[in-house]
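Q: Return a 3D structure for these sequence lines:
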Amino acid sequence: MTSSRTLVLLGSLLLLGSGSMTEPERTASPPPSPRRATPPGPVLFADDFSDDRLVGWKPDRAGVWSVRRGVLRADLPDERQQRSFLYVGSESWTHYAVDLDVVGMRGVDKGVVVRVVEGQAGIGVDLRGPGYQDVLLYRREWPLAKAPVLNGNGTWNHLRIEARGHRYRVWVNGVVVIDKQDSRKSRPNGCIALAAYTGGLGQCTVYYDNVVVTALGSGEGSATVESTP
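A: Numbers count the residues shown, from 1 in each chain. Modelled structure (predicted):
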């Protein structure tokens, strides 16, 4: 007869094999999200994910994006170079800013892409965590600029990107860290997409909240800051 101790041991091994004991970050709830800010300018789109139906959003693959306890969650399989995008907005948008709060729980990469047309790559901002601790601005796979930014997993960060003309400015937690002109002038308009990406580490569980898109004027605005090409 199988003893109760053996049954407990077998049950523990099954849980271990399923990953439920080895990946607490995947199932853990993120810290409470920040209070939603009100950026200046006419609002083109806003979502605090109080509605779990993701009205207006379009995922590029099933089973990745969901709303849990009033925040947006993206979780990818543990395989390298997996990615998914969640699109919203109009391809006619030109000069605009995107504000959002983001927290990575597993993996490195998290961010947003602006000026996306017909599902093609636009101008991306990748806030990279453990092992990098920086923010990267890129056109398709080509880096345009980067800057050092501390952003550990399990901590909310506020990200803002302005697309005005062909100039892109990036704020992290209220500080301008990148100000870059796209010399190729490649993306004059397009919608936005939130990103999930496993990268070389092969992990990604990330949460987003308080996404707000506001219209901007077409003027170039204030002085630039140094950024690394």
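
Q: got a list of what Val88 touches?
A: Phe45, Asp47, Gly56, Trp57, Lys58, Cys191, Ile192, Ala193, Val211 (C-beta atoms under 8 Å, 6 or more residues apart in numbering). C-beta: built from backbone N, CA, C; applies to glycine.

Q: go again using 6 Å as the cut-off
A: Applying C-beta atoms under 6 Å, 6 or more residues apart in numbering, we find Val88 in contact with Gly56, Trp57.

Q: Kindly state the beta-bridge partners for it.
A: Ile192 (DSSP bridges).

Q: same deal with Lys180?
A: Tyr168.

Q: That one: neighbouring residues, count only.
A: Lys180 has 21 neighbouring residues, counting by other C-beta atoms under 10 Å.

Q: hang on, isn't it packed against Lys146?
A: No. Applying C-beta atoms under 6 Å, one finds Lys180 not in contact with Lys146, separated by 9.8 Å.

Q: before we move on, what SS does the closest residue to Val43 other than its chain neighbours have?
A: Take Val43 and drop its neighbours on the chain: the residue closest to it by C-beta to C-beta, 6 or more residues apart in numbering is Thr214, 5.6 Å away. With DSSP: H, G, I helix; E, B strand; the rest coil as the basis, Thr214 sits in strand.

Q: For the chain, which residue occupies the most central location?
A: Gly111 (2.8 Å; C-alpha atoms, centre = their mean).

Q: Check the gap between that one and Arg53 for me.
A: 24 Å (C-beta to C-beta, to the nearest Å).

Q: Likewise for Asn151?
A: 30 Å.

Q: Would you mind telling me which of those two has the busier surroundings?
A: Looking at Asn151 and Arg53 with other C-beta under 10 Å, you find the greater number of neighbours at Asn151, namely 23 against 8.
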